[in-house]
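A.B. asks: have a look; sequence and predicted model below, questions after that.
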Number of protein chains: 2
Amino acid sequence: MQPIGFVRSPYSETSQIPKGCGAKHDAEGVLEILPEFEQGLQDIEGFSHLFVIWTFHKAEGFALLGKPPTDDRAHGVFATRSPYRPNPIGLTVVQLIRREGSSLHVRGVDMLEGTPILDIKPYLSSIPEERLKRGWLDEAEQRKLK
Amino acid sequence: MQPIGFVRSPYSETSQIPKGCGAKHDAEGVLEILPEFEQGLQDIEGFSHLFVIWTFHKAEGFALLGKPPTDDRAHGVFATRSPYRPNPIGLTVVQLIRREGSSLHVRGVDMLEGTPILDIKPYLSSIPEERLKRGWLDEAEQRKLK
């Protein structure tokens, strides 16, 4: 695994990244792709949304159970977005604002400044919201509303 | 990067996997998580859909430009789902049918039998379909309809 580029983000520390119920991810940033991979961006500007796959480069080690910021109960790491994963891979959906050469200006970054990018893929279709079940997350939100 | 488990899939060759415009991905399969990571699945059964991050273990090398099965024109690798990527990472959204211990029975597999799994994350929200633009893919579909 090698970085294909790096994230320019307004967040230099994890404490600055909005977390928890109702957190808005509308921060703008830039995906700076390395010049040797620029050709791989051809025609990407036609897509409104992208998947960005990246590494939690500041996270060390992993925990199979952990308490997320959204709940006071512990859940399995694969049922959360915790950075402390067996493979420290992050996934973010961003909105593509514009492309300038090898720079993709995007909205919705929740990564730290300097985050290594492993891959970018077009976002092609959605699961309708009414078909989604969100397990412990919905339960935690319900408990907070009470 | 280490596998956290492997995919049990009905597909033993890439030629069997539905591709192109209108391809249906409703094949059932099993995500068999290694026993040492089973604890990380706690509470995952409450989610209807999951992101699966995996490796294209049969793909060798990469090409920055390639012609996808859906079009007769070449596009950049980051604007396609080609397996020949700088980092051979695949991403699939599956529907979780049920969990049996360390086995997740899912619908929507498009991976080969034996595919190594790197990570699983809960699918939490969707971009509304009406906000999605799908660039060259929509154009290719339009050309085919003419």
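C.D. replies: Yes, it's here.

A.B. asks: need the contact list for A:Met1.
C.D. replies: A:55, A:118, B:1, B:87 (CB atoms under 8 Å, 6 or more residues apart in numbering or on different chains). Where you see a C-beta, it was placed from the backbone N, CA and C, and this is true even at glycine.

A.B. asks: how about the residue lying closest to it once chain neighbours are set aside, what does it touch?
C.D. replies: Spatial nearest neighbour of A:Met1, chain neighbours left out: B:Asn87 (5.1 Å); criterion: CB to CB, 6 or more residues apart in numbering or on different chains. Contacts here follow CB under 8 Å, 6+ apart; on that basis B:Asn87 touches A:1-2, A:4, A:53, A:118-119.

A.B. asks: now do the helices in chain A.
C.D. replies: A:135-145 (DSSP state H).

A.B. asks: remind me which residues of it are low pLDDT?
C.D. replies: A:21-22 (pLDDT under 70).

A.B. asks: if we go to 90?
C.D. replies: A:18-25, A:69-72, A:125-126, A:138, A:140-146 (pLDDT under 90).

A.B. asks: spatially central, which residue of it would that be?
C.D. replies: A:Thr92 (2.5 Å; CA atoms, centre = their mean).

A.B. asks: could you find the closest non-adjacent residue to that residue?
C.D. replies: A:Val52 (4.8 Å).

A.B. asks: how about A:Val106?
C.D. replies: A:Val94 (3.9 Å).

A.B. asks: do A:Gln95 as well
C.D. replies: A:Gln95 sits nearest to A:Arg107 (CB to CB, 6+ apart), 4.4 Å away.

A.B. asks: sorry, back to before: OK, contacts around the residue nearest to the centre of chain A?
C.D. replies: A:25, A:51-52, A:54, A:108-111.

A.B. asks: check the gap between A:Thr92 and A:Phe51 for me.
C.D. replies: The gap separating A:Thr92 from A:Phe51 is 8 Å, by CB to CB, to the nearest Å.
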